[in-house]
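Engineer: Any chance you can model this:
(4 chains)
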Amino acid sequence: MHDLAPLTALAGTTPVQDSIGPVTITEAPDWALASVAARLGQEKACSTALASVLGADIPGVAAHTQGPAMSAFWTGPHIWIVEAPYDSHEDLAAMLSAKLGECASVTEQSDAWVRFDVTGDGIERLFERLCNLDLAKLGQGAARRSVIEHLGCYVIRGTEGIHVYGPRSSAQSLHHALTSAARAVF
Amino acid sequence: MSRLPTGGQIDRTRKISFRFDGQYYKGHPGDTLASALLANGVRLMGRSFKYHRPRGVLTAGSEEPNALVELRTGGRQEPNTRATTVELFDGLQAHSQNAWPSLKFDALAINDRLSNFLTAGFYYKTFMWPAAFWEKLYEPIIRRAAGLGSITTKPDPDLYDKGFLHCDLLVIGAGPAGLAAALTAGRAGARVIVADEDFRMGGRLNAETFTLGAQSGADWTAQVVAELASLPNVRLLSRTTIFGAFDHGVYGAVERVSDHLLTPAPDKPRQILWRIYSKRALLCAGALERPIAFANNDRPGIMTASALRAYVNRWAASPAETVAVFTNNDDGHRTASDLLAAGVKVAAVIDTREDAPALQGAEVLAGAQVTDTAGRLGLKSVTVRLANGKSRKLDVGALGVAGGWNPNVALTCHQRGRPVWNNAIAAFVPGAELPQGMAVAGAAQGHFSTHAALHGGADSARRILADIGISAAAPDLPQAEDAPVNITPFWHVGGTKRAWLDFQNDVTVKDVKLAHQENFRSVEHLKRYTTLGMATDQGKTSNMGGLAVMAELTGKSIEATGTTIFRPPYTPVSMGALAGRSTGRDFKPTRLTPSHKWATEQGAVFVEVGMWLRAQWFPRAGEKTWRESVDREVLATRASVGVCDVTTLGKIDVQGRDAAAFLNRIYCNGFAKLAVGRVRYGLMLREDGIAMDDGTAARLAEDHFVVTTTTANAVPVYRHMEFARQCLWPDMDVQLISTTEAWAQFAVAGPNARKLLQKIVDPEFDISNDAFPFMACGEITVCGGLRARLFRISFSGELAYEIAVPTRYGDALIRRLMQAGEEFDVTPYGTEALGVMRIEKGHAAGNELNGQTTARDLGMGRMVSDKKDSIGAVLSRREGLNQPDGLRLVGFKPKNPKARVLAGAHLLEIGADMTAANDLGYVTSACYSPCLKSFIAIGFLKAGDERMGDVLRAASPLTGDDTEVEIVSAHFIDPEGERLRA
Amino acid sequence: MRYSGFRVIKEALSGHKGWTPAWRDPEPKPQYDIIIIGGGGHGLATAYYLAKEFSQHRIAVIEKGWIGGGNVGRNTTIIRSNYLLDGNEPFYEFSLKLWEGLEQDFNYNAMVSQRGILNLIHSDAQRDAYIRRGNAMLLNGADAELLSAEQVRREYPFLNFDDARFPIKGGLAQRRGGTVRHDAVAWGYARGADSRGVDIIQNCEVTGFRIENGQCKGVETSRGFIGAGKVGVAVAGNSSRVMAQAGMRLPIESHVLQAFVSEGLKPVLPGVITFGAGHFYCSQSDKGGLVFGGDIDGYNSYAQRGNLPVVEDVIEGGMALFPGLGRVRLLRMWGGVMDMSMDGSPIIDRTHIDGLYFNGGWCYGGFKATPASGWCFAHLLATDTPHPTAAAYRFDRFEKGRMIDEKGMGAQPNLH
Amino acid sequence: MIINHPLLGPCDAQEFTYKGDARLIDRPDGMADGADAAFYNYAYLRDNPAGQHRELWFHEQGDRSWLVVTRNTVTHEITQVELARDVARKSGRSA
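Structural biologist: So this is what the prediction gives:
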């Protein structure tokens, strides 16, 4: 095993957490991500294969589904991003491409994104200051891409709270946007 | 003291202290600055724009053209603030504007004496001689006299925010119509937003005395608002102006969160810009009363009758003990009776109608007109011409003018709909073409009675909710007045004295007559020539009068005369709100490289490269200039080894069975036959044949490439490839995704690059020159098992690699490289050294790929394959892009090595005149080459490839540079490429 | 009637009874030598110069609505000649020289105000590009000046130098640039043309061309057929629509550009500034309003109105550059139709139809070009040869690969 | 403006990047005779109608689909939105 120490997207050795009023905004670095895109003509095969890997239905348009070990969300026509705990799945992309074989193109995305988990009462009031998604219609299991302070982000309604994936290199700008909006609201 | 003993929606139990022009006054919660000043006996509040005439309030709302003040001080100083909308708060400070030395004595009031010379458009006819005097003399005087309030140039210390709201129904205006509509929709469970610009909902109900059922208007309002507030599906936004109706049901709104406070609470915004996405919208914006033009109708104390009534009813403030009303319709009589009821003396109601109704408690002068007024700083008397031709003088301190009501149609016209004329009310009402999803109800629709407003609001809400599948029941609505509109249009009293139409801009009836005389007769010409309607009220109080006068002069109907176009914003919106949080350093996001933290520790100097911050150079102790640092970084790299963070280059993962065939069409050069484990330089053309971007494509597997783009073009290139994939060749099996951020990538360059890498690359991977030659690539592991990608490519011209690891390990990797490289004196280098080395090597970059150059210009003409159909190939063959004397990329070496060659210099023959005719090309990139101990440059020269060895001038008259340069190959260093193959 | 200070005083003392119409409203004649379609700035200027400089007669300007109602009545009033390419710079410098003598020439005060224009620099690459441009300007006989950040700070101390996302690193100034009272330009040319016998016919819409065996004989209008020896089209915002009536497809897309004006303020901005790291440029009018704009909305539109995202983008730029703007209020916003050509540069050329000439594709650079555009179009109409400074503005440059692409954006109009 | 995305439903046009006339799908064959004229026409000439316009929008901040939007350039009313890939296939484009 190599001996290089990772940094979080906010350039720390431990995740940053902010509690502002009723909401808590937590940097969540411990996720491995890989994009899965169906090969042309292999859409069905890919869906089936991915579903069995997930142990759950593959997510439909703008949806997120949770499997026993892994979860996934829709990012475009026949394209999904698969999530799994980083410690157990650092090689997620390799594993997926082995399992999906010829029917999909798999690309490692773990470090393309920074993830923030936002929890607490009134997060709707926070997100109406951040992006144009209709939070009232963004029920559990919804996954939409939207723009937060000029940054293209995925906004996912989880079991408790909202997960935001933003471009990793802009982690500090996104963190600033989330926390300053929270202070403005609460 | 003109505060009435009783009444008004003010909290008399509390006193608020404020200052106007340094003078202390007291008011009550519920007051506006205007009502509080009137209550303190202050009628003079401002000066007009052109003639600097003394002015008081004309209205009680956001349409106020006269009573504009500078509110607050320092960085918070806010010019042109309507005293009629400023909610009084403790410690408020306001100053009058556009007056010097003081509001009471304004030197520029001299303009009023000269008014006869300063008629509409006079300035177009003079100030032409001598030409030079315009900027030097005339214009500075005009500019100083013009303008209204002033801003401090200090940064605004307050925060602003933005947000997004969604609803089934947006109700614009919370008067009787809006509240009835909101109640109807709210009870039906629809998602409703109710927005009102006032700090107290209710609209005119706050200013009227009549009852709804058994309740006062204010009580009914309070009850409805309370119910609405209790509904989770209803959102009430007071202090919120809907300022624009945009496409497809999108509305712009500004909520004034903190303007009623001395300063906003910490971290809280002053205002919020809401972008409201609505399925339907109901405009219940009410109507605005219009004045009548007569001689000297602009004196402090003369205001619209509804404003006079509002000050008395809502704020218990009367501008004077004795007042009169001048009207052409019944509503003026309502003002008079309300004032009487409040104990204000009404000297007379002057009614232009011969058949004017009588009024209990006040004399009605039927068929009479106000012909003049007196009182320079405040109204003292009005002169009335009676029906019998005799004239009478009335001593009054205030005059309420009732010229009829204009429905507030502005938002119905924001998508270029035009209002239509309605004779019954003598006003324009909303036309047939409304913004998508909008309906109108109440006074805004021309239905002026409270009964009509209530029922119009409720019925419209039910109708438009039905369109979107929501059925709503009719609410129980209270009995309310249902007075008919009785009006005989009357616009202006004849006479030779000035009668004001546009109060703020000082446009009088005379000016309209002059415009007509000079053939500025279209409403647009009228507006632009006289500035009628161009004041901060956007013509709300002035346009109708102007139109009516022009219609009279041309003999056309008012409808045929038409209106000018209503444009957003409905009322002026602060720039801060429209910018929201994106100010200062937060103007745009910042992208940081994986080695940013480490580079900061090294004391690196950073530079903005697009959104990225990159290390520009790494100064060391004792280095006095940036050049010292950069020269050191270049020499150390070329002598041993250097490391540079190149993560910012775009990376696109290209997979699929047709990946190679796809790239073969994207790049002008061939890619079909690139072997797995190899990298190739690629040049992309735009379809018009001009070079778009360059980079490398590494083939990691038969069906897997990693494409790099320049930092600047990462996004456009990805977009371009998706276009080709989805629109041009939809059945190619290709999948694309950006991996720019996923991998931390470092260039390791210099003779010792391999030795350094061999220390961290895991032993099972052979990176010897034979096993891993120039332009090889592969997936490897480093530092004991970390997955990585290695590319043997060189931008510097040295033996070089680019190594990529997952971004989270980028920081650790650069530290490890530095540590492992100590024995080679490894040097981190920044973008400057990178730039120097690429110029020394003659590599094209952004300055050369400037969107105007072809492959041929860049010396890569032969790369454009004619054996295949690739994007841009065909149009790159056009004659204009293939001239024998066309531009070619070449190198330049100054005859005197110490002489600077400047990027942006132009090339001319020695001794040739500095004229465009002699322009032979230009220098694109230049630097000092520490290796060649000389300045060097590259750039484009006409037929440059045939001019090797010639000497030209690189001239930059802009900077005073003029250097003799020899034309050389752009490849200054290692032209044979031995180093990078070593 | 000649305008002068004395005249103003004389009229003031005699009740302003002597002022005559600035232009007549004649009925169209059956036949003219030259008809100009479009009573905007360019059309009126063309007619003016045809009559004054090229001694042409029997000229009519036909306008669908009211004159000056196109982009000359709806722009941000900036004049400048700070162009890079040989195809452009001599033309815009010719235009600037005409502006400098315009008011005396047509006896109308259009408030030509050479208060200077400053393009701010925020990166080294931008400086390199501006140096290249500034030198091109000087080589073409225009004026240009490179300013350091400190010099910029001295002239505009209130810009954001200390807390900026993209720091100001200098600027390229053209002191002879400035602003003009835009409506007055249309009125001045109209009055000057009218006084030289040109018929200005308002409320007369062209509905078609009468073309007989490859020769344009005149135009069908809402007021009947009007014959002409030559027809010149100068209908910015409607170029494609009008030329389609002659069966032509143009290298043009029509886009909306929004512009903005603030409430009146006491003087704060000395000249015209353009932000180099965002979409924002601004000047202050003599009335005191800050007149500003930014980028086009980016989609084809004839609607003369835009949408919120671009409004916000422009004003974010304004606040980033000038943090004191926060409490200034936006008074009015509007949209104009920009005929965006495929390389960002205009067309002044003959068409393949004899007697039919075209002037258009001005993108959002049309106002500053008004005098030279009129002069050069008049030159082409009168002599059938292009004016030297406009010789590159040909239709066939796209087919031949001789684009004049200042920004290097290629054949995508919304990027120019 | 609001674009009713065939998969995602109503989306703010701000999330999209505009390219232009949907005829840009019909790229000529670069190897065919007369390609020069065909490409000149393709790259440079536009109908630029005042009215119905079929145009290409890229959902850059969304699902990365290219769409063909039928929009009225005078009223901005949008009457149809399709996935550009489907349109391309319908018009006979393949690999």
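Engineer: Which single residue of chain A ends up nearest chain C?
Structural biologist: Using CB to the nearest CB, the point where chain A gets nearest to chain C is residue A:150, with a distance of 9.2 Å. Quick note: C-beta positions are derived from backbone N, CA and C, even for glycine.
Engineer: Would you confirm that that residue contacts residue B:589?
Structural biologist: Yes. Counting by CB atoms under 8 Å, a contact exists between residue A:150 and residue B:589, whose distance comes to 5.4 Å.
Engineer: Have a look at those two and say which one is more surrounded.
Structural biologist: Neighbours per residue, other CB atoms under 10 Å in any protein chain shown: of residue A:150 and residue B:589, the larger number sits with residue B:589, 22 against 18.
Engineer: Now do the contacts for the more buried one.
Structural biologist: Residues in contact with residue B:589 (CB atoms under 8 Å, 6 or more residues apart in numbering or on different chains) are A:149, A:150, A:151, A:170, A:173, A:174, B:611.
Engineer: Can you say which of those are buried?
Structural biologist: The neighbour-count test (16 or more other CB atoms under 10 Å in any protein chain shown) marks A:149, A:150, A:151, A:170, A:173, A:174, B:611 as buried among the contacts of residue B:589.
Engineer: Using JSON lines, lay out the contacts of residue B:589 together with secondary structure and pLDDT.
Structural biologist: Putting the contacts of residue B:589 into JSON lines (DSSP: H, G, I helix; E, B strand; the rest coil; pLDDT from 0 to 100) gives the following:
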{"residue": "A:149", "secondary structure": "coil", "pLDDT": "96"}
{"residue": "A:150", "secondary structure": "coil", "pLDDT": "96"}
{"residue": "A:151", "secondary structure": "strand", "pLDDT": "97"}
{"residue": "A:170", "secondary structure": "helix", "pLDDT": "98"}
{"residue": "A:173", "secondary structure": "helix", "pLDDT": "98"}
{"residue": "A:174", "secondary structure": "helix", "pLDDT": "98"}
{"residue": "B:611", "secondary structure": "coil", "pLDDT": "96"}
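Engineer: export those to TSV and tack on distance to residue C:305?
Structural biologist: Compiled in TSV, the contacts of residue B:589 are given as follows (distance: CB to CB, whole Å):
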residue	distance to residue C:305
A:149	27
A:150	24
A:151	29
A:170	33
A:173	32
A:174	33
B:611	31
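Engineer: Spatially central residue for chain C, please.
Structural biologist: The central residue of chain C, meaning the one whose C-alpha is nearest the mean C-alpha position (CA atoms, centre = their mean), is residue C:367 at 1.3 Å.
Engineer: Cross-check the contact I'm expecting between that residue and residue C:45.
Structural biologist: No. In terms of CB under 8 Å, residue C:367 does not count as a neighbour of residue C:45; the distance is 11.1 Å.
Engineer: quick one, strands of chain A?
Structural biologist: In chain A, the strands defined using DSSP state E lie at A:17-20, A:23-27, A:31-38, A:64-66, A:71-76, A:79-85, A:104-108, A:113-119, A:143-148, A:151-157, A:162-167.
Engineer: Revised request: answer the last question for chain D.
Structural biologist: Counting by DSSP E, chain D has these strands, from start to end: D:2-5, D:9-12, D:17-21, D:52-58, D:66-72, D:78-83.
Engineer: buried sites along the second one?
Structural biologist: So the one you mean is strand D:9-12. When neighbours are counted by 16+ other CB under 10 Å, the buried residues of strand D:9-12 are found to be D:11, D:12.
Engineer: Near residue B:968, how many other residues are there?
Structural biologist: Residue B:968 has 18 neighbours, counted by other CB under 10 Å.
Engineer: hey, what's the nearest residue to it once chain neighbours are set aside bridged with?
Structural biologist: Of all residues not flanking residue B:968 in the chain, residue B:891 sits nearest, at 4.3 Å (CB to CB, 6 or more residues apart in numbering or on different chains). Going by DSSP bridges, residue B:891 is paired in beta bridges with residue B:938, residue B:968.
Engineer: Residue B:891: neighbour count?
Structural biologist: In terms of burial, residue B:891 registers 22 neighbours under the definition other CB under 10 Å.
Engineer: pretty sure it contacts residue B:972?
Structural biologist: Yes. Using CB under 8 Å as the test, residue B:891 is close enough to residue B:972 to be in contact (5.9 Å).
Engineer: Give the intersection of the neighbour lists for the two.
Structural biologist: Residues touching both residue B:891 and residue B:972 comprise B:842, B:936, with contact defined as CB under 8 Å, 6+ apart.
Engineer: which stretches of chain C aren't confidently modelled?
Structural biologist: For chain C, not a single residue meets the criterion pLDDT under 70.
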